[in-house]
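1. take a look and give me a structure for this.
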Amino acid sequence: MCWDISLHSDVDIIKKAFPKLRDERKQLDYDYRYFENVQAITFPAYPIIYKDKEGEELGLQEMEWGVLPTYIQDPKEQDDRRRNMVNIRSERILSDGKSYWHRLKNQRCLIPVSGTFEHRKIHGWKKKVPYYISEKGREVFYIPGLYQWHEHIDQNGELHKVGSFGMLTREANSVMGQIHNDGPNKRRMPLFLTPELEQQWLSAKDDEALMPIFNYEISDQTLDYYPVYTLRGYPDRPDGKHRYEPYTWSDLPPLGQDGPIQQSLF
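-> Numbers count the residues shown, from 1 in each chain. From the prediction side, this is the model:
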């Protein structure tokens, strides 16, 4: 699963890519130090591009990361289930007609990011090593997602319309499979797309137009990736640099060499 994303480029870049975008954000000035590493575990508010059900309008709106399972009433059970709705297996959207994602297939959005993070397991190491992954030559790119609206009553009894979203994933390509090499959802990756397919995700009118998106696998050569300092617990980096900047881990083995060293018998 992808639980960490980063946005450290100005939102104006998003507006230039989508010139007809309605800016509906409540908070117009961001603390980009916070957005350097947004972690899904707390269902944070994050700016996404969404289209209405008719597909005529695009809006830029903060929504909560993690689709809220409104069919569950118990708050604890709802949160537990919601953690499994941070990511969406793209393979299920069309093939599983009974899935929640099939119901939301026309409520499509794009998640603007400068990059994402994933953790790599190395045999004998206590901690996993986080990697930062981005698309070469792009300050901001857009990961497809699905969203929904729900109603929330605050402590003052006022009714609010709140949005929540999930990020589409697919089977990992070669390099992402070597980075995301552990856990129950290992060898999965966000559904990285080309600029043309990102636009198509919002404009597609039928299931047939979605198939090139679900079938697309980004090449290893299109990605930039490198290890960064530990993310969990929001520790300060000893070198004072940004969370998305490269960090040198002592004795880090090359990708693909994560198991125990085999001793020769000869």
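2. in the helix or strand containing residue 64, what's buried?
-> Assessed by DSSP states H and E, residue 64 sits inside strand 58-65. The neighbour-count check on strand 58-65 (16 or more other C-beta atoms under 10 Å) flags 58, 59, 60, 61, 63, 64, 65 as buried. Backbone N, C-alpha and C define where each C-beta goes, glycine included.
3. want to throw these into JSON lines with pLDDT and distance to residue 178?
-> JSON lines is the format used below for those (pLDDT from 0 to 100; distance: C-beta to C-beta, whole Å):
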{"residue": "58", "pLDDT": "94", "distance to residue 178": "36"}
{"residue": "59", "pLDDT": "95", "distance to residue 178": "37"}
{"residue": "60", "pLDDT": "95", "distance to residue 178": "35"}
{"residue": "61", "pLDDT": "95", "distance to residue 178": "36"}
{"residue": "63", "pLDDT": "96", "distance to residue 178": "32"}
{"residue": "64", "pLDDT": "97", "distance to residue 178": "31"}
{"residue": "65", "pLDDT": "98", "distance to residue 178": "26"}
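4. just give me the closest of these to residue 1.
-> Using C-beta to C-beta, residue 65 comes nearest to residue 1 of the buried residues of strand 58-65, at 11.8 Å.
5. which strand residues bridge the closest one?
-> Following DSSP bridges, residue 65 is listed with bridge partners residue 165.
6. so what's it up against?
-> If a contact means C-beta atoms under 8 Å, 6 or more residues apart in numbering, then residue 65 has 38, 40, 43, 44, 45, 46, 86, 164, 165, 166, 167 as its contacts.
7. so it versus residue 197, what's the distance?
-> 22 Å (C-beta to C-beta, to the nearest Å).
8. what do you get for residue 90?
-> 12 Å.
9. more crowded one of these two?
-> The neighbour comparison of residue 90 against residue 197 (other C-beta atoms under 10 Å) goes to residue 90, with 23 against 19.
10. pretty sure residue 150 contacts residue 164?
-> Yes. In this structure residue 150 lies within contact range of residue 164 using C-beta atoms under 8 Å: 6.9 Å.
11. between these two, which one's more packed in?
-> A direct count of neighbours by other C-beta under 10 Å for residue 150 and residue 164 places residue 164 higher, at 23 against 14.
12. got the contact list for that one?
-> For residue 164, the contact set (C-beta under 8 Å, 6+ apart) comprises 43, 63, 64, 65, 66, 67, 68, 147, 148, 150.
13. then residue 21?
-> 14, 15, 49, 58, 59, 60.
14. what segments of the protein are helices?
-> Counting by DSSP state H, the chain has these helices, from start to end: 12-17, 32-35, 75-82, 90-95, 100-103, 174-179, 195-203, 207-214.
15. tell me which of the contacts of residue 164 has the lowest pLDDT.
-> In terms of pLDDT, the lowest of these is residue 150, showing 87.
16. any idea what that residue is bridged to?
-> Residues in beta-bridge contact with residue 150 (DSSP bridges): residue 162.
17. look up how far residue 59 lies from it.
-> 17 Å.
18. could you do residue 84 as well?
-> Distance from residue 84 to residue 59, counting by C-beta to C-beta: 27 Å.
19. show me which helix or strand of the chain is least confident by mean pLDDT.
-> helix 32-35 (a mean of 87; mean pLDDT, DSSP states H and E).
20. what about dumping the CA coordinates of that helix to CSV?
-> Extracted C-alpha coordinates of helix 32-35, given in CSV (Å, rounded to 0.1, in the frame of the first residue of the first chain):
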residue,chain,number,x,y,z
TYR,A,32,4.7,23.0,2.5
ARG,A,33,6.9,21.6,5.3
TYR,A,34,3.8,19.6,6.4
PHE,A,35,3.1,18.5,2.8
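21. so which elements touch it?
-> Contacts defined by 3 or more C-beta pairs under 8 Å, 6 or more residues apart in numbering; DSSP states H and E place helix 32-35 against no helix or strand at all.
22. any chance you could list what contacts that helix?
-> With C-beta under 8 Å, 6+ apart as the criterion, helix 32-35 contacts 6, 7, 8.
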